[in-house]
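Asker: Give me the fold of what follows.
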Amino acid sequence: MSQLNLPSAYHLVSLDTVDSTNAEARRRAMQGEEATPDGTLILAKQQTEGRGRRGRTWHSPPGNLYCSLVLRPEIPIARAAEFSFIAALAVHDALGTVGDAGHQVHCKWPNDILLNDHKVAGLLLETETTASGVPDWIILGLGLNVAVFPGDTDFPATSLRAESWAATEGEILESFCRHFLKWTNTWLEDGFAPIRKNWLWRCYGLGEEIEVRLENESVSGVFEDLDEHGVLLLKTADGERRISAGDVFFPSLMTEGASS
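Answerer: Numbers count the residues shown, from 1 in each chain. Predicted structure coming up:
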């Protein structure tokens, strides 16, 4: 990867191979703020033990983008999840900046990005809380399929190359960092409300029938809204369900895939 031009708010640590950028970011964050300040960005060419949500393996060969950002905001732990939405907006807008016209990019609740109705990126948020209930640090991991994508996933995946995009890992990371800084400043100035509004403008499936797979059940209903904390509001036959975590699937996409 060529020399990166990142805003001064970031402190880049570039590695060839690592078990997981989130794990490396965690190890460094635990050394304290002086050693690993806010904005430390761990970047790796490949991961040997990449992780997604719920401990799933994240396929991590060379050629894709793998990075984790150490954040140290002074906020209640309940607000930490808002960074997933900030980051999703940044990824969405980064792809819109470096990508070609004629492609559809959407946010997928709670922490994925779709390119032409296929998953191209995922986010992973991890925190460590102090005794006062404020995060000591938040680690935001990003994996984005640039050159290759896995074929054995529950939700269909893709890569930039598979969609004939020529953007490089460096170009995407530079654009993501700029957009993340912009959306974080919006969040600092105006709170989560504009983040929520802009995420809803960019999301897939709002107002449509969806299936949410939880740990012990699957729930179907209409994706009505997000609440003021990013919780999904699902209108079911039994009333409204508030869902804070789960895997979302879209019957409309499954039907299109079956008929194509």
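Asker: drop to CA atoms for contacts and neighbour counts, all remaining ones
Answerer: Noted.
Asker: And stretch 97-114, end to end?
Answerer: Start and end residues of stretch 97-114 are separated by 15 Å (CA to CA, to the nearest Å).
Asker: which residues touch that stretch?
Answerer: Contacts to stretch 97-114, defined as CA atoms under 8 Å, 6 or more residues apart in numbering, come from residues 84-85, 88-89, 91-92, 95-96, 115-117, 119-124, 165-167, 171-172, 175, 199, 202-204, 232, 245-248.
Asker: Can you show me the helices along the stretch 101-250 of the chain?
Answerer: With DSSP state H, counting those that start in this stretch, the ranges of helices along the stretch 101-250 of the chain come out as 169-190, 193-202.
Asker: Could I get the CA-only coordinates of the last one as CSV?
Answerer: Listed next in CSV are the C-alpha coordinates belonging to helix 193-202 (Å, rounded to 0.1, in the frame of the first residue of the first chain):
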residue,chain,number,x,y,z
ALA,A,193,-30.3,12.6,15.8
PRO,A,194,-28.6,13.7,12.5
ILE,A,195,-26.6,10.5,12.4
ARG,A,196,-29.8,8.4,12.8
LYS,A,197,-31.6,10.5,10.1
ASN,A,198,-28.8,10.2,7.6
TRP,A,199,-28.4,6.5,8.3
LEU,A,200,-32.1,5.9,7.6
TRP,A,201,-31.8,7.8,4.3
ARG,A,202,-29.0,5.4,3.3
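Asker: contacting residues for the closest residue in space to F249 that isn't next to it in sequence?
Answerer: Among residues not flanking F249 along the chain, E211 sits closest, at 5.1 Å (CA to CA, 6 or more residues apart in numbering). Counting by CA under 8 Å, 6+ apart, E211 touches 218-221, 248-251.
Asker: Is E211 bridged to anything, and to what?
Answerer: S220, F249 (DSSP bridges).
Asker: Could you measure from it over to D38?
Answerer: With CA to CA as the criterion, E211 and D38 are 37 Å apart.
Asker: Does V148 touch G63 like I think?
Answerer: Yes: with contact defined as CA atoms under 8 Å, V148 and G63 form a contacting pair (7.0 Å).
Asker: okay, these two: which has more neighbours?
Answerer: Comparing V148 with G63 by other CA atoms under 10 Å, the one with more neighbours is V148, at 20 against 17.
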